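Visitor: predicted model, plus sequence, below.
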Amino acid sequence: MPPSVLPWSPPVKLLRTFALASLCFGLAAPALAQQERTIRFGHLNNTDHPVSLGVKRFAELLAAKSGGKMKVQEYPANQLGNEMQQQSALQGGVQQMSAPATTSLAGIVKEFGLVDFPFAVASFEQADQLLDGPLGQALIAKLPEKGLVALGYWDLGFRNVTNSKHPITKAEDLQGLKIRVIPNPVFLDTFKAFKANPVPMPFAELYGALESKAVDGQENPFAVILSNKFYEVQKFVSATNHVYAANIVLVSKKFWDQLSPTEQKWMREAADEARGYQRQASRAAAQKAVGELQAKGAQFNEVAPKEQVRMREIAQPVIDKFAAQYDPAIVKLYNDELARIRGAKQ
């Protein structure tokens, strides 16, 4: 009879190794789960506005690239506060993303005021070349030290004046009008040059101020005018095209620094791909908005190109004043880029 074979028992040392491995795996599991991120993306526009459409497309693209691990939660219509409040929230790491107008950044990087110079560009093509080129990138490079990271520029559109008094066909028609403007020194001085009475005011207060006649008018892109129903309290819409306005896609640097290089790559790619879609949607909406505003009863008029040139000449002292306050190297880059863009065939 062969000797009986006893069952094999693993050494105590091996059991300890298995136990330690199991413990390590258990600790690693929560770390893996934490890779799922929810991004709070706030902005001031309504859900039918092209900025909101851009946020939705960005969210779709980022979810696809990350396999669903990076989710975007949109907070439109000032739900997270006005643009300055959201800017502070990003800098503090409380909020992850926003898409404000570039003008809101002039308080922390004054050279962003260059984007607000009146009558600088005459077409969307010129605007895209200016912002996507060296000038736009030089401005973006100044943001990380302020606690922000930018992923590119979206379209807001050419700004146009509405008011309750009369059509604006020439510079003199602005004289004496109380016009709500963004709380920005370039905007204030530009309208003062036209002898208007500019009133700085947060966007959230604007409709009520128009309704109560606290101000006579305001200036915004057509899609904003339509989306916020300003036609209910403004009779005249004039295509002054006095400033091209852009939104900038911002990320909290505190949040950005927590991301892996792969996650950062997904976000940059999603923003780049969403940009073209958002611009196309915004410009189509602006064109459509003019007809819809007229259908709602607004009286629409265009300002002749020759008069726009004259208005730019009136505003030139404002341009010179603020350009003298900015980084000379960036001002030179701005002027060089404008000369290149204006000289290029459109």
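Guide: The structure has been received and is ready for your questions. A quick note: this is a predicted structure, and the numbers were derived from the prediction, not measured. Residues are numbered from 1 along each chain as shown.

Visitor: residue nearest the centroid of this structure?
Guide: Among the residues of the chain, the one closest to the centroid is residue 247, at 2.4 Å (CA atoms, centre = their mean).

Visitor: where's it, which helix or strand?
Guide: strand 236-252 (DSSP states H and E).

Visitor: who touches the spatially closest residue to residue 275 that is not a sequence neighbour in this structure?
Guide: In space, and not counting its chain neighbours, residue 275 is closest to residue 152: 5.2 Å by CB to CB, 6 or more residues apart in numbering. (Each C-beta comes from the backbone N, C-alpha and C, glycine too.) The neighbours of residue 152, taking CB atoms under 8 Å, 6 or more residues apart in numbering as the test, are 132, 248-249, 271-272, 275.

Visitor: would you list every one of the helices in the stretch 201-346 of the chain?
Guide: In chain order, the stretch 201-346 of the chain shows helices spanning 206-211, 222-227, 253-256, 261-295, 305-323, 328-343, with DSSP state H, counting those that start in this stretch as the criterion.

Visitor: residue 130 reaches residue 123, doesn't it?
Guide: No: using CB atoms under 8 Å, residue 130 is not in contact with residue 123, being 10.7 Å away.

Visitor: hey, what's the residue nearest to the centre of the chain bridged with?
Guide: With DSSP bridges as the criterion, residue 247 is bridged to residue 101, residue 154.

Visitor: quick one: it and residue 97 touch, right?
Guide: No: counting by CB under 8 Å, residue 247 sits too far from residue 97 to count as a contact (11.8 Å).

Visitor: and the residue nearest to the centre of the chain, how far is that from residue 150?
Guide: Note on residue 247: its distance to residue 150, by CB to CB, to the nearest Å, is 11 Å.

Visitor: about what we covered before: between the helix or strand in which the residue nearest to residue 275 is found and helix 261-295, how many degrees?
Guide: Using DSSP H and E, residue 152 falls within strand 148-163. Counting by axes from the mean of the first three to the mean of the last three CA atoms, to 10 degrees, strand 148-163 lies at 0 degrees to helix 261-295.

Visitor: where in the chain is pLDDT low?
Guide: Within the chain, the stretches with pLDDT under 70 are 1-34, 345-346.

Visitor: please redo it, this time with the cut-off set to 90
Guide: For the chain, the stretches with pLDDT under 90 are 1-35, 182-185, 202, 204, 344-346.

Visitor: so which bits of the helix or strand hosting residue 58 are buried?
Guide: Element membership for residue 58 (DSSP H and E) is helix 50-65. Neighbour counts over helix 50-65 (16 or more other CB atoms under 10 Å) mark 50-59, 61-63, 65 as buried.

Visitor: just checking, what packs against it?
Guide: Where contact means 3 or more CB pairs under 8 Å, 6 or more residues apart in numbering; DSSP states H and E, helix 50-65 is packed against strand 37-42, strand 70-75, strand 148-163, strand 236-252, helix 261-295.

Visitor: residue 207 versus the spatially closest residue to residue 150 that is not a sequence neighbour, what's the distance?
Guide: In space, and not counting its chain neighbours, residue 150 is closest to residue 140: 4.4 Å by CB to CB, 6+ apart. Residue 140 sits at a distance of 32 Å from residue 207 (criterion: CB to CB).

Visitor: so which of the two has more stuff around it?
Guide: Neighbour totals were compared for residue 140 and residue 207, and residue 140 leads with 20 against 16 (other CB atoms under 10 Å).

Visitor: show me what whatever helix or strand residue 139 lives in is packed against.
Guide: Here residue 139 sits within helix 134-140, counting by DSSP H and E. Where contact means 3+ CB pairs under 8 Å, 6+ apart, helix 134-140 is packed against helix 328-343.

Visitor: how about 10 Å then?
Guide: helix 124-132, strand 148-163, strand 236-252, helix 328-343 (3 or more CB pairs under 10 Å, 6 or more residues apart in numbering; DSSP states H and E).

Visitor: out of the helices of the stretch 201-346 of the chain, deepest packed?
Guide: helix 222-227 (a mean of 26; mean count of other CB atoms under 10 Å).

Visitor: packing partners for that one?
Guide: Against helix 222-227 (3+ CB pairs under 10 Å, 6+ apart) you get helix 50-65, strand 148-163, strand 217-220, strand 236-252, helix 261-295.

Visitor: ok, now with 6 Å
Guide: With contacts defined as 3 or more CB pairs under 6 Å, 6 or more residues apart in numbering; DSSP states H and E, helix 222-227 has these neighbours: helix 261-295.

Visitor: so the helix it packs on versus helix 124-132, what angle?
Guide: Calculated by the same axes, to 10 degrees, helix 261-295 forms an angle of 150 degrees with helix 124-132.

Visitor: what angle sits between helix 261-295 and strand 37-42?
Guide: Using the same axes, to 10 degrees: helix 261-295 against strand 37-42 is 30 degrees.

Visitor: helices or strands next to helix 261-295 in the packing?
Guide: Checking 3+ CB pairs under 6 Å, 6+ apart, helix 261-295 ends up next to helix 50-65, strand 148-163, helix 222-227.
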